[in-house]
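>>> sequence and predicted structure are below.
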Amino acid sequence: MISYKDSGVDKEEGYKAVDKIKEAVSRTHGLGVLAGLGSFGSLFELPSNVKNPVLVSGTDGVGTKLEVAFAVKNYDTVGQDCFAMCANDILCHGAKPLFFLDYLACGKLDSEVSSRLVTGIAHACEEAGCALVGGETAEMPGFYKDGDYDMAGFCVGVVDKEKIINGSTIEKGDVIIGLPSNGLHSNGFSLTRKVLPDYNMDFNGAPLHEELLKPTKVYVTQVLELLGGFNIKGMAHITGGGLIENVPRIMPEGLCAQITKNSFPKQAIFDLIASKGVPEEEMWGTYNMGIGYTIVVPADQAKALQQVLESAGEPSYLIGEIVKGKEKVCLV
C-alpha cells in the first residue's frame, strides 16, 4: 500500500503550518472580512464610505531574492517583499489596499519555514491596514526540489472613481518627489547574485546578506495620508527597470520627467554592485538606485507635502521636474 505522504505530500505538516499562522493572520482582519481561514472563498465587504468604488488589483512575487533568503536561512523579511510589491503598485492609483492573498509553492513543506514566510506577509498587511484573507500552499514533490520555495501574492484595493490617479493631469512645471528605498527592495537580484555570489562577505561591518534581505518598504500609510490634502497627479512604484522604466508609465505624451541623479543620497549597495563591472546605464535601468516611490505634484505644493512626510518620519527629496520633451524620462 502507498499513501499520499509516501509520494511526498505531508498533509499533517500543512495543518501545522496553518495553526502557526492563525494568530498573525487574524490580527489583519477588520470589519470588512466576513469569513475566516478555511472557507472555500474569502468574503470581503466593500467600505460604505466610498461613493463610487473602483477595485484596483495587482499581483507580483519576490523573484530570485528568495534564493538569498533560503541560502542563509532567513525567512522573516521576504514576506513583506511579497506584500509590498503588490500593495505599492495599486497605491499608485490612489487605491487603499483592502485584502491580500498569498501563494506558496514548495517541493517539501516545512511548517516552520512556511509559517515564517506567511507571518512576514501578515505583519506587512497589519502595518498597511490590509486584511490577509487567504492563500494557498502547494506542496509539489518532483516539480520543486526539497528546500525550494516560490512565493507570490495578489492584492485588491479600492478608490473612488472620481479620485483615480493615473498621470493624465501632469503638466509642465510640476515636480517629482522621491521617497527613499530600503536598498535593493525585490528587483535586480539575478544580476546581484551573479556579481555578488558571497552572501557572507563583509559589507559595512556586517554580512552582505543582511543588506540584501532588507525588505521592500511599504509606502501605503504615508501616501494615503497625503491624498486628501494635496493635488497628487501621478505616482510610480520604482521596481524592475528602475526610474527609467517606471516613471514613463504615468507620463502624458509630449512631457518628460527630468530627474537629477545627484538630488538624493547614494546608497552604498549600489556603488558596490557598480564596482563589479556593471555600467552606469545598466544600473539605472535595473535598480531603484535609492528611490522606491515617486509622487508628482504642482511645484507650489511640494514643500508642504514634504513637511507632512517629514512629520510622519518619512524622508523625501525633490528629485526632478516635468518639462517638455519627446522622451518620457531623462536623467541629468
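That came through, no problem. Owing to the predicted nature of the structure, the values given are computational and were not obtained by experimental measurement. Numbers count the residues shown, from 1 in each chain.

>>> count of residues packed around residue 145?
Using other CB atoms under 10 Å, the number of residues around residue 145 comes to 10. Using the backbone N, CA and C atoms, a C-beta is placed for each residue, glycine as well.

>>> excluding residues flanking it in the chain, which one is nearest it?
residue 107 (4.9 Å; CB to CB, 6 or more residues apart in numbering).

>>> ok, that neighbour - contacts?
Applying CB atoms under 8 Å, 6 or more residues apart in numbering to residue 107 gives the contacts 8, 139, 140, 141, 142, 143, 144, 145, 146, 147, 148.

>>> roughly how far apart are the fifth one and residue 290?
What that stands for is residue 142. Distance of residue 142 to residue 290, given as CB to CB, to the nearest Å: 42 Å.

>>> just the fourth one next, same as before
Here the distance between residue 141 and residue 290 works out to 42 Å (CB to CB).

>>> got it, and the last one?
To residue 290, residue 148 is 31 Å away according to CB to CB.

>>> and the first one, by the same measure?
Applying CB to CB, the value for residue 8 to residue 290 is 44 Å.

>>> the two: who's more crowded?
More crowded of residue 8 and residue 290, by other CB under 10 Å: residue 290, with 21 against 15.

>>> neighbours of the nearest residue to the more buried one once chain neighbours are set aside, how many?
Of all residues not flanking residue 290 in the chain, residue 267 sits nearest, at 4.7 Å (CB to CB, 6+ apart). Using other CB under 10 Å, residue 267 has 19 other residues around it.

>>> hang on, residue 267 packs against residue 183?
Yes - under the criterion of CB atoms under 8 Å, residue 267 makes contact with residue 183 at 6.3 Å.

>>> now the residue nearest to residue 290: phi and psi?
phi -110, psi 140 (degrees, to the nearest 10).

>>> ok, it - contacts?
Contacts of residue 267 (CB under 8 Å, 6+ apart): 181, 183, 289, 290.

>>> quick check: it vs residue 222, distance?
For residue 267, the distance to residue 222 - CB to CB - is 19 Å.

>>> same deal with residue 258?
Taken as CB to CB, the span from residue 258 to residue 222 is 25 Å.

>>> return the backbone torsion pair for the nearest residue to residue 204 once chain neighbours are set aside.
Counting by CB to CB, 6+ apart, residue 204 lies nearest to residue 268, which is 6.3 Å off, once chain neighbours are set aside. Dihedral angles of residue 268 (phi, psi; degrees, to the nearest 10) stand at phi -60, psi -30.

>>> residue 268 contacts residue 208, doesn't it?
No - taking CB under 8 Å as the definition, residue 268 is not a contact partner of residue 208, at 11.0 Å.

>>> so for those two, which sits in the more crowded spot?
The neighbour comparison of residue 268 against residue 208 (other CB under 10 Å) goes to residue 208, with 21 against 11.

>>> what's the closest non-adjacent residue to the more buried one?
Residue 208 sits nearest to residue 201 (CB to CB, 6+ apart), 4.9 Å away.

>>> report how many residues lie close to the one you found.
Counted with other CB under 10 Å, residue 201 comes out at 11.

>>> could you report the pLDDT at it?
At residue 201, the pLDDT value in this model is 97.

>>> I'd say it and residue 207 touch.
Yes - Residue 201 is in contact with residue 207 according to CB under 8 Å; the separation is 7.3 Å.

>>> list residues touching both of the two?
By CB under 8 Å, 6+ apart, no residue touches both residue 201 and residue 207.

>>> which elements pack onto the helix or strand where residue 258 lies?
Take DSSP states H and E as the rule and residue 258 turns out to sit in strand 255-259. Helices and strands touching strand 255-259, by 3 or more CB pairs under 8 Å, 6 or more residues apart in numbering; DSSP states H and E, are strand 317-324, strand 329-331.

>>> how about JSON lines for these, with distance to residue 303, mean neighbour count and mean pLDDT added?
Converted to JSON lines, these look like this (distance: least, CB to CB, whole Å; neighbours: other CB atoms under 10 Å; pLDDT from 0 to 100):
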{"stretch": "strand 317-324", "distance to residue 303": "9", "mean neighbour count": "19", "mean pLDDT": "98"}
{"stretch": "strand 329-331", "distance to residue 303": "24", "mean neighbour count": "18", "mean pLDDT": "96"}
